[in-house]
Structures are given as C-alpha cells and as structure tokens.
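J.: Predicted model follows, preceded by the sequence.
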Amino acid sequence: MESCKVLKYVSVLLIFLLSLHFSTSETLSPSLLHRVITDTKVLHSNFTAISEFRTINRKILADCSASNPFIRVNVTSNSSLSDDGFVTVTVTGVSKPSDNDWVAMISPSNSDVSSCVLTEFFYLQTGDTAKLPLLCHYPIKAQYMSKDPNYLSCKNKECKKYQNGTCVTSTCSGSIQFHVVNIRSDIEFVFFSGGFLKPCLVGRSKPLSFSNPKTPLYGHLSSIDSSGTSMRLTWVSGEMKPQQIQYANGKTVTSTVTTFSKADMCSSVVPSPAKDFGWHDPGYIHSAVMTGLAPSSKFPYRYGSNAVGWSKQIMLKTPPVGGSNELRFIAFGDMGKTPLDASEEHYIQPGALSVIKAIAKDVDSKNIDSIFHIGDISYATGFLAEWEFFFHLINPVASRISYMTAIGNHERDYINSGSKYITPDSGGECGVPYETYFPMPTSAKDKPWYSIEQGSVHFTVISTEHDWSKNSEQYEWMRKDMASVNRQKTPWLIFTGHRPMYTSSHSFLYSGSKFIDTVEPLMFQNKVDLALFGHIHNYERTCSVFQNECKALPTKDKNGVDKYDGRNYSAPVQVVIGMAGFTLDKFSTNDKSWSLKRISEFGYLRVYATRNDLNVEFVVSNTSQVKDSFRITK
C-alpha cells in the first residue's frame, strides 16, 4: 500500500513536475471582530496541506434531495448581502443529523452542481494527489453542521407530522455562521450529506445578491516612484465606468479601468483551476495616481462615484522621498489569508490574520512608512474569489500606506508560460491577476522587477520566477540598477526576491546553488547590505555570507544586539522572512555555518533605517515580542 502511494507521488512529479513544497469595507468593525474565531491559527492549522475539502472537486456527486421532503436551507440576512458581514445559515427538516452533514457557499449561484468528469488528473494542478480529485464549480468555503453544538444532539426539534395528537415525525435543525465579503456575484448555500468524500446534494438556499455589486472596495496603495509625492490607488468594483479618487481636500483624479477574463488564464492539456472550476469573475479593477502630494505627510481620500457610491474617507501616509534621512518599513513573505469564520477552504494560511492584526497595530503606533510583501501574496492559486478575501484582510493597512509587492511562485509559475519554474503553482493564473491587482513601477507587462527609493534605502526588487541567468534581460537590469545606486544619496542597498539563496530547511525547487552562482556575485560586487527572501516558511538570519562561507560575524553592541560592521564591508546579510501566514517549516538538524538565527513562528520584519544604522527586528505576531534583532552600521 505504501509503495503504491510512493509510486503515485513519483509519477505525479515526473509527469507534472509538481512542487510538493507550497511556498504556496475598509476596516473590521468591533461588532465583527468580537465574532471572529478566537484562535484561527489553531483552528485552520490543518488546512495548509492536503485536506478532504481540497479533494472535493470531481468527486462523484449523488442526489439525495428526494430522500427528505422537509429540508429547507435559509439564510438569516436582510433581503440582500452587505459588503462585509456574517450570515447565519439554518438548515431545518433534517431527519437524522450526521457529523457528515455540511454546507457549501457557492458563487455564482447558477454554478453547475452536477457531477463532473471523473478524472483525478483534473485536480493534480492544485497540488493534491488524492484519488478522484463534487462540484463542477468549486465551493468558496464550507462548514460541517456539527459546528453548531446543538445539531447532532437534535436539541432544536420540530414536529412535522401528528397522528391522533401524537408527533410521529420530527426533524432537527442547526445553524452555522459564514463570513461573507462582497464578491459581486450571487451566492447560494448548498446542504450536503456524506461528508467531503461522498457528497450527496440534499437542499439549497435561494440565491442571495449583494446590495450593491458595483460598490468600490478593497483600495490598496502603492508607490509609483521615489519622489514620495505620488501614490497609486487600485480598487475593485462591479462598475465598468471610470470612477474617481477625491483627495487632499479638493483634488480629484479619474481611474483607468481594466479586467481579465478566463481566456487570459493559462492552461495545459489538463484544464487549470483558473480556467475551470476555480474561475470567478474579477469585476473591474480601477487604478488612479494621486499627484502633488508632499512626502512623509498624511492626506484624506475617498474613492468611487455618485452613481455607485463612495468609500469612507481614509487617511493615507506618503513614504519619505528617496535620499531623505529615515525610513520605517515592514517586510514579509508568504502571507495569504485566514478565514474569519470556522470554514474550510481550498487553501488557508493560519497565521495570516494574527500577522496582519499585529502589523495594523504597528502602523497605528510606530509611524510605519511602507510595507514590502515579497511573494506568495494571496495563495488564490487559480481559485479567483480568494483574492477578494485577501484584499479584505489587508485593507486596514494597505489602504493607508504604500503596499509594495514582489511576485512569487504561487502568482506566476505555470507550465509553458515563460516562468523559470514549470510547476503549476499559480493554478493557471500565470501572473495575470497579480499584475492587474498590484501594478508596481515595472518597465513592462510580465517583467515584474523594479527598484524604488524610500528614505535612506534603495530597494532592488526582482522576480525569482523569471529568467535571472547571465545575459538575460532581468540579469542585465539587476546589474545596471545596483551599479547605478548613489550611496551618498541612499546609503543602504536592500535586495529582495521570493525564493532564497540560503535556507536550512528542506525544500524542493527553491532558488539554490545556481541562484547563488549567478546572482550573488552581483550583490557582492555592488555591496548589497541586506537581502530579504520568502518562500521558505520560517525566519532565518545569516552571517555576512558569500558563496556559502561566512565572511564576517556580527559582534554584540552594548545592548546585546548583533551588530554587523558595514563600514568594513564583507558580504550581504541574508534573511528568510516567509513566516507571515502559511504553515511553518521546520529546520534541518544539520547546522549550517552561515546560519545564525532560526525561528519557526509567525511574524514579520520591522526595519528602521537612518543614514548610519539599519535596525532590524523580527516580531512574533501573537505576542508582538521581538524574537530577533540586529543592526548594520555605516
């Protein structure tokens, strides 16, 4: 039996070259926050890898609707759905409650819920290798009815038939809550028996519409240059007509509008999730640039139109101009999103909620200027509705300060799409949603590398998912960009990309030795001070390392903090920071000579840069405790 499983995994690897390592409203109101599951990290910890829910698609679907004529599925809400809220789904008329009874949230409501082609190969591209990978259209989320503690015990009993004054037929009911955000298309809740492995359709609710499918939502900011005087806002709406940003007490700018379609997604002989059961209409993506701002300043803004409505007024903060003295920024990789309810989803990153809440506190209290999210952004991986939940999660911070990104394998990689790695990690998205949702200051489409200066720091942001070999376009760009840095203006050079050069964790298809041989010499020649990477889901800090050798070790300052002497430059300090949400990776037992600090906890990097010091802290999100800190001095 075990040998068959091994053979199957090997076959999948050989055929599809799958990577089995997955580096894979404006704010939450208090009324919603108190209803959020108290410890979502523990609740969702088992859903970052293969789970029964992730194998639903293409299961044999039976029809049990005729077996119980009393079944009703009702949703407690107003006549329409709000942009952000919890709805209660109540199932009544259940004759024999079972722990295999569950409810799925389906959108659009007219999705086909009949049985589909029975082939496991249709599901392999999501990364699962379970046999026979229900619904032709994948549920956005689902919950077992047993989440209601009174369901299985039939505490809520109702008589359906009396005979001579005696009840001869009674049924049970139960209620569960779902967190719903405005994804524009109608939603339906479907009740199944048989669990995720043998689903049988029993009943369904009436379709529910959002009160305003065209409302402008999920605005997030980014910098377009190093001036600190312009900020781009990107948001989502169901309205195709241009909308506006009203900002800085009297200025307006009109949006440009774009979208993407199923035809833009990548696929192979086997349809990708993005083209098939994971597709969801993205609506229209609006983007506009606010100009004439002052660096390191705060301005109010709102976005939308009189026709479809306006966001609330938000206060943004511009980053400092490149070349100024100070910068406070946060960096991390591999965040994704955590449900605010008890649902199971295709992909869940259990630490994401705790991380974004901790970051929001820092943005409020520590004068943070910007955020750098270096790859593996939403983990939608071809299940497009999950982008909406990710935007909802980051909105409290991304709508207020510059949210800069780098592309990761779960945004870009796909077979025969031009990505450097031919794994199907993006689920067929092949970078299209990412580049549409996050327009960075890049030179052209599908060339997602760029540089930007903020305060005393020059950031060189690359794509590890595109060709970085010698003489490639990206290699030449890296060489020119780093060589052009004026270290009098921006004394710090920080290099960022998704896949790391160094890691003590066992990993399949990270960047590895070729990346070290090719790109590290450029970093060394141009005296990169700090290199930040994700992909590996933990925190690891190196010595000043070059070609796998420690060129210098830090000393302790008077406060006991590790201090690297940047005045006598020896090599870059490299840090893996892929611990912002996805399940955590363990370290190998073999200590690497270049590895100085290794922590497997959820958190993020907090950096304060002056002209003479680069002060770096690793913050654990649950406790806000600083678990590692170091300085690089000039």
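T.: Received, thanks.
J.: Break down this protein into its helices, ranges please.
T.: 2-16, 30-33, 40-43, 352-365, 386-398, 409-412, 432-437, 473-483, 512-525 (DSSP state H).
J.: Now mean pLDDT and distance to Val87 too, for those, in a markdown table please.
T.: Heads up, the C-betas are built off the backbone N, CA and C, glycines and all. Formatted as a markdown table, the helices of the chain follow (pLDDT from 0 to 100; distance: least, CB to CB, whole Å):
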| stretch | mean pLDDT | distance to Val87 |
| --- | --- | --- |
| helix 2-16 | 35 | 38 |
| helix 30-33 | 40 | 12 |
| helix 40-43 | 48 | 18 |
| helix 352-365 | 97 | 19 |
| helix 386-398 | 97 | 15 |
| helix 409-412 | 96 | 29 |
| helix 432-437 | 98 | 26 |
| helix 473-483 | 98 | 46 |
| helix 512-525 | 93 | 47 |
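J.: Single out the most deeply packed of those.
T.: Ranked by mean neighbour count under mean count of other CB atoms under 10 Å, those are led by helix 409-412, which reaches a mean of 30.
J.: who does that helix touch, helix- and strand-wise?
T.: Helix 409-412 is packed against helix 432-437, with contacts defined by 3 or more CB pairs under 8 Å, 6 or more residues apart in numbering; DSSP states H and E.
J.: Could you export the helix it packs on as PDB, CA atoms only?
T.: The C-alpha coordinates for helix 432-437 follow below in PDB (Å, rounded to 0.1, in the frame of the first residue of the first chain):
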ATOM      1  CA  VAL A 432      -2.200  38.000 -14.700                       C
ATOM      2  CA  PRO A 433      -4.300  38.600 -11.600                       C
ATOM      3  CA  TYR A 434      -1.200  39.600  -9.600                       C
ATOM      4  CA  GLU A 435       0.000  42.200 -12.100                       C
ATOM      5  CA  THR A 436      -3.600  43.600 -12.600                       C
ATOM      6  CA  TYR A 437      -4.300  43.900  -8.900                       C
END
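J.: Met240: which of the helices of the chain is closest?
T.: helix 432-437 (14.6 Å; CB to CB).
J.: how does the chain divide into domains?
T.: 52-204, 323-633 (the TED database).
J.: Let me know which of these is tucked in deepest.
T.: The most buried one of these (mean count of other CB under 10 Å) is domain 323-633, showing a mean of 21.
J.: now that domain, how far from the chain's geometric center?
T.: Relative to its chain's centre, domain 323-633 lies at 14 Å (CA atoms, centre = their mean, to the nearest Å).
J.: and the end-to-end length of that domain?
T.: Start-to-end span of domain 323-633 (CA to CA, to the nearest Å) is 17 Å.
J.: Which other helices and strands does the longest strand belonging to the chain contact?
T.: Longest strand in the chain by number of residues (criterion: DSSP state E): strand 166-181. If you count contacts as 3+ CB pairs under 8 Å, 6+ apart, strand 166-181 packs onto strand 84-94, strand 102-106, strand 141-144, strand 157-163, helix 386-398.
J.: circling back to that earlier point, want to throw the helices of the chain into CSV with distance to Leu233?
T.: Formatted as CSV, those follow (distance: least, CB to CB, whole Å):
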stretch, distance to Leu233
helix 2-16, 39
helix 30-33, 24
helix 40-43, 29
helix 352-365, 17
helix 386-398, 10
helix 409-412, 21
helix 432-437, 12
helix 473-483, 26
helix 512-525, 33
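J.: wait, which of these is closest to Ser111?
T.: Nearest to Ser111 among those is helix 386-398; the distance by CB to CB comes to 15.8 Å.
J.: can you give me the angle the closest one makes with strand 166-181?
T.: 60 degrees (axes from the mean of the first three to the mean of the last three CA atoms, to 10 degrees).
J.: Keeping just the C-alphas, turn helix 386-398 into PDB.
T.: Provided in PDB are the C-alpha atoms of helix 386-398 (Å, rounded to 0.1, in the frame of the first residue of the first chain):
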ATOM      1  CA  GLU A 386      -9.900  34.100  -2.800                       C
ATOM      2  CA  TRP A 387      -8.200  37.300  -4.000                       C
ATOM      3  CA  GLU A 388     -11.300  39.200  -2.700                       C
ATOM      4  CA  PHE A 389     -10.900  37.700   0.800                       C
ATOM      5  CA  PHE A 390      -7.200  38.600   0.800                       C
ATOM      6  CA  PHE A 391      -7.900  42.200  -0.100                       C
ATOM      7  CA  HIS A 392     -10.400  42.400   2.700                       C
ATOM      8  CA  LEU A 393      -7.800  41.100   5.100                       C
ATOM      9  CA  ILE A 394      -5.000  43.600   4.200                       C
ATOM     10  CA  ASN A 395      -7.300  46.600   3.600                       C
ATOM     11  CA  PRO A 396      -6.800  48.100   7.100                       C
ATOM     12  CA  VAL A 397      -3.100  48.600   6.300                       C
ATOM     13  CA  ALA A 398      -2.900  48.600   2.500                       C
END
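J.: Which of the domains of the chain comes out lowest on mean pLDDT?
T.: Mean pLDDT values for these show the minimum at domain 52-204, a mean of 86.
J.: Reformat the helices and strands packed on strand 166-181 as a markdown table; add distance to Asn249.
T.: Shown next, in a markdown table, are those (distance: least, CB to CB, whole Å):
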| stretch | distance to Asn249 |
| --- | --- |
| strand 84-94 | 27 |
| strand 102-106 | 41 |
| strand 141-144 | 41 |
| strand 157-163 | 58 |
| helix 386-398 | 23 |
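J.: Indicate which one of those is closest to Gly194.
T.: Comparing these by CB to CB, strand 102-106 comes nearest, at 8.7 Å.
J.: thinking again about what came up before, nearest to Ile452, of the helices of the chain?
T.: Nearest to Ile452 among the helices of the chain is helix 473-483; the distance by CB to CB comes to 10.5 Å.
J.: So which elements touch that closest one?
T.: So helix 473-483, by 3+ CB pairs under 8 Å, 6+ apart, packs with strand 457-461, helix 512-525.
J.: Is it possible to get a markdown table of those that adds distance to Leu152?
T.: Shown next, in a markdown table, are those (distance: least, CB to CB, whole Å):
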| stretch | distance to Leu152 |
| --- | --- |
| strand 457-461 | 52 |
| helix 512-525 | 50 |
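J.: So which of those is nearest Gln246?
T.: That would be strand 457-461 among the helices and strands packed on helix 473-483, by CB to CB, at 30.2 Å.
J.: Residues touching that closest one, excluding its own?
T.: 322, 327, 329, 372, 374, 404, 406, 440, 449-453, 478, 481-482, 485, 490, 492-497, 528, 609 (CB atoms under 8 Å, 6 or more residues apart in numbering).
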